[in-house]
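**Q** predicted model follows, preceded by the sequence.
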Amino acid sequence: MSKGSWSFAAGAGWPWTAAFGFGRRHRFFEAGEIRLAILSLLSEGPKHGYQLMKEMETRSGGFYKASAGSIYPTLQQLEDEGLVEAEMISGRRTYRLTVAGRHELEKDPDGVRRIWERAEQCEDWGQFMAPESFAVMMPLVEVLKAGMRAASRLRGEPDAAERIREIADRARRELEQL
């Protein structure tokens, strides 16, 4: 998948759905994925819970902000299952992957790839998430809806899609000139 594109496969959703609160909401992590993400991050080296939370936020461009209520219970479960081990380092409970954890992680390399591709796509969007961006979001959504309605109304008309693309391209060019 090319950088900047978005997969509309089941579970992927639109990149802005969860962030902006409209459309069909998706959780950033689907069932079982947070555990896989934690194992993946720990495969890079030992980390404490706060480091895991910050790394997930960073990799998603700020779209996903892990809470202690999601990270620490998952870490405890992984520890109970023998997939991670914890030790106190510099006053922090620091986790590292066990051999069993590495084997668990290796069971689903495609799942790991999907998680971090989704995070990368969100990171691309994250650069645009200033308060000013939110102020123009709904008008832009209305333009998108108007374009979709026009495409539906003009279905079957020759050159209808081309006319809509020309209007959209003109609007894009004007916005880029600002």
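**A** Right, received. Where do you want to start?
**Q** domains in this protein, by residue range?
**A** Per automatic domain parsing, the structural domains of the chain span 17-126, 131-177.
**Q** now name the helix or strand holding the spatially most central residue of the chain.
**A** The structure's the chain has its C-alpha centroid closest to A119; by CA atoms, centre = their mean the separation is 3.9 Å. For A119, the enclosing helix or strand under DSSP states H and E is helix 109-126.
**Q** what's the mean pLDDT across that helix?
**A** Helix 109-126 shows a mean pLDDT of 74.
**Q** cool, and stretch 138-151?
**A** Computed over stretch 138-151, the mean pLDDT rounds to 85.
**Q** buried residues in that stretch, which are they?
**A** Judged by neighbour count using 16 or more other CB atoms under 10 Å, stretch 138-151 contains no buried positions. For every residue, glycine as well, the C-beta is placed using N, CA and C.
**Q** can you give the contact residues for stretch 151-159?
**A** Stretch 151-159 has contacts (CB atoms under 8 Å, 6 or more residues apart in numbering) with A160, A161, R163, I164.
**Q** if we can go back for a sec, ok, then the element right after the helix holding A119?
**A** The first helix or strand that comes after helix 109-126 along the chain, using DSSP H and E, is helix 131-153.
**Q** all helices of the chain, in order?
**A** With DSSP state H applied, the chain shows helices at 17-20, 33-42, 49-59, 68-80, 99-106, 109-126, 131-153, 160-177, listed in chain order.
**Q** just want the angle from the longest one to helix 109-126.
**A** The reference is to helix 131-153. Inter-element angle recorded for helix 131-153 and helix 109-126: 110 degrees (by axes from the mean of the first three to the mean of the last three CA atoms, to 10 degrees).
**Q** show me the shaky parts of this structure.
**A** Low-confidence segments of the chain, defined by pLDDT under 70, are located at 1-30, 122-131, 133-134.
**Q** apply 80 and report the result again.
**A** Counting by pLDDT under 80, the chain contains low-confidence residues at 1-32, 59-65, 116, 118-137.
**Q** residues making contact with stretch 43-54?
**A** 38, 41-42, 55, 65-68, 71-72, 75, 89, 92-97, 101-102, 105.
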